[in-house]
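A.B. asks: 3D, please:
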Amino acid sequence: MKKQVYNPFLPIYECIPDGEPHVFGDRIYLYGSHDKEGGETFCMQDYTVYSAPIDDLSNWRCEGTIYRADQDPAYPTARKYMYAPDVVRGNDGRYYLYYCMSGRDGVGGYYGPISVAVSDTPAGAYRYLGFVHWPDGSPMLKYICFDPGVINDNGTIRIYYGTQFPHEEAPDFRTNEVLIQDEVKQFHKTREEILNTPESVMGPCMVVVEDDMLTVREAPKHIIPYKTRGTSFEEHPFFEASSIRKVGDTYYFIYSSWKNHELCYATSKYPDRDFTFGGTIVSNGDVGYEGREEKDRLNMTGTTHGSIEKINGQWYVFYHRLTHKSDYSRQACAEKIAIQPDGSIAQVEITSCGLNDGPLKAEGTYPAVIACNITNGHMPHGSNKIYTDSFPNVTHCGEDRFIAEIQSGTMLGYKYFSFSGAKSLGVQLKGTGTGTLTAYNAIGGNVIAEIPVMPSETWTTSTASLSISDGVYPLYLIYSGTGQIAVKEIQFA
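C.D. replies: Numbers count the residues shown, from 1 in each chain. Predicted coordinates for the structure are as follows:
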């Protein structure tokens, strides 16, 4: 790498969640939704793609807007937001973008077709092509068309999609008219279709299309049973975010579980059946990592969506984190993973260094918002809203991006730094607080600096001597004092 790269790895103002990374030629492309920084709902902006050379993951380039919402015939109806997309190279050498339209806050996102756009190049621009349909031309609406993930499986085009809510797990579901009507309203299915569809109208599904990338060749089918009790999926049922990869002769189905903050995987030797749960790859609150419980999450948690990709010989998982105290301003992150000889993937911790070749250098200045852990000890799990109560969060004002609402007891964690001769640690901050930012080399570790905090209406740098031996360590900053502060930068000298 020619320079360092950290999480989030795109410009710190950019919000591209639901990432689907794909290597095409000698570049890695990140396709995803496009949130507005400080947005009011999901996916408010048109699709924008970034790419980087496979041998320099620090050099991300914006390819610009590759597809606009108003290119879809569903726009400007109530379904005017484009949700999580995926891209695949067709057998004709062109590139096909699959996506679903939705309304504000996800309303209406479960009853439209899977739309398709096409481009001669992976970076676009893409033009509307049509929607996935039956041979007679009618829209393919079997099960729930949501979050499509696509693979060209040695010439066979397979689309994975679906969503799953717990309604039908209720023992009295078939006689519970409230639950039935909830599904009728949410999915625009008839009562009869909901009750008479084998298994369920919900769950992860797969459909095969013809080389035209639109016409159904093989009818959709469930790849995992909806009923998960007593199966390997019982603790991590499918929720959404279908993604598919093939590694050797094994299919990896990556998805977001009902826990919502974790990307899980399942494997099979077949593309359409016999999947077994493999494990959790990453959680955006480090829940589950080394046994961490939900109540001890290290960030505000919420939706996650992403996938795995091998780039220049190294496997990575791409996921997203939350900012602005909501699910509406999500940023792309990535971590190195390893696929073991037995096919398993161990859960990885979330870090600040991400795509970097090793830890970050404890030299110079870094944006404070690259903190991989931001917690006051009782962070919420995000939902479809913007929180108004006070807790530490990544936010912005004008061109400034910073961590705000830091109160006594807040911890900011950075993993990892390589320390070599650093003598001082500075923090650029402002706010009403009076107290100390104490720096540690581990949770419960040694104190390595004590940075004084005084009230300031403008960004002011406060520094302290740094006492740490050379080596690789995390950096944790814990505020103790009165009032609130915001932190914009950390500085090593």
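A.B. asks: Output the longest helix belonging to this structure.
C.D. replies: helix 177-187 (DSSP state H).
A.B. asks: I'd like to know which elements it is packed against.
C.D. replies: Contacts defined by 3 or more Cβ pairs under 8 Å, 6 or more residues apart in numbering; DSSP states H and E place helix 177-187 against helix 191-196. Yep, even glycine has a C-beta here, placed from its N, CA and C like the rest.
A.B. asks: hey, C-alpha coordinates of the helix it packs on in CSV?
C.D. replies: Output in CSV follows, covering the C-alpha atoms of helix 191-196 (Å, rounded to 0.1, in the frame of the first residue of the first chain):
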residue,chain,number,x,y,z
ARG,A,191,-54.6,-14.2,3.2
GLU,A,192,-55.0,-17.4,1.1
GLU,A,193,-51.5,-17.0,-0.4
ILE,A,194,-50.0,-16.5,3.1
LEU,A,195,-51.7,-19.5,4.6
ASN,A,196,-51.4,-21.8,1.6
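A.B. asks: Show the average pLDDT along that helix.
C.D. replies: For helix 191-196, mean pLDDT is 97.
A.B. asks: for that helix, the distance to its chain's centre please.
C.D. replies: 33 Å (Cα atoms, centre = their mean, to the nearest Å).
A.B. asks: Please enumerate residues in contact with the helix or strand following it?
C.D. replies: Moving toward the C-terminus from helix 191-196, the next helix or strand (DSSP states H and E) is strand 205-209. Here strand 205-209 makes contact (Cβ atoms under 8 Å, 6 or more residues apart in numbering) with 132, 140, 142-143, 156-162, 215-223, 271-272.
A.B. asks: Can you list the strands that the helix or strand hosting Ile151 pairs with?
C.D. replies: Assigned by DSSP H and E, Ile151 falls within strand 149-153. According to DSSP bridges, strand 149-153 forms sheet pairs with strand 156-161 (antiparallel).
A.B. asks: how far does the partner strand sit from the chain's center?
C.D. replies: 21 Å.
A.B. asks: Going by neighbour count, list what's buried in the lengthiest strand in the chain.
C.D. replies: For the chain, the strand with the greatest residue count under DSSP state E is strand 471-482. Using 16 or more other Cβ atoms under 10 Å as the test for burial, strand 471-482 gives Tyr473, Pro474, Leu475, Tyr476, Leu477, Ile478, Tyr479, Gly481.
A.B. asks: residue contacts, the first one?
C.D. replies: With contacts defined as Cβ under 8 Å, 6+ apart, the neighbours of Tyr473 are Tyr416, Phe417, Phe419, Asn441, Ala442.
A.B. asks: and with 6 Å instead?
C.D. replies: Asn441 (Cβ atoms under 6 Å, 6 or more residues apart in numbering).
A.B. asks: for the fourth one, same thing?
C.D. replies: Residues near Tyr476 by Cβ under 6 Å, 6+ apart: Met411, Gly413, Tyr440.
A.B. asks: Identify the bridge partners of it.
C.D. replies: Counting by DSSP bridges, the residues bridging with Tyr476 are Gly413, Tyr440.
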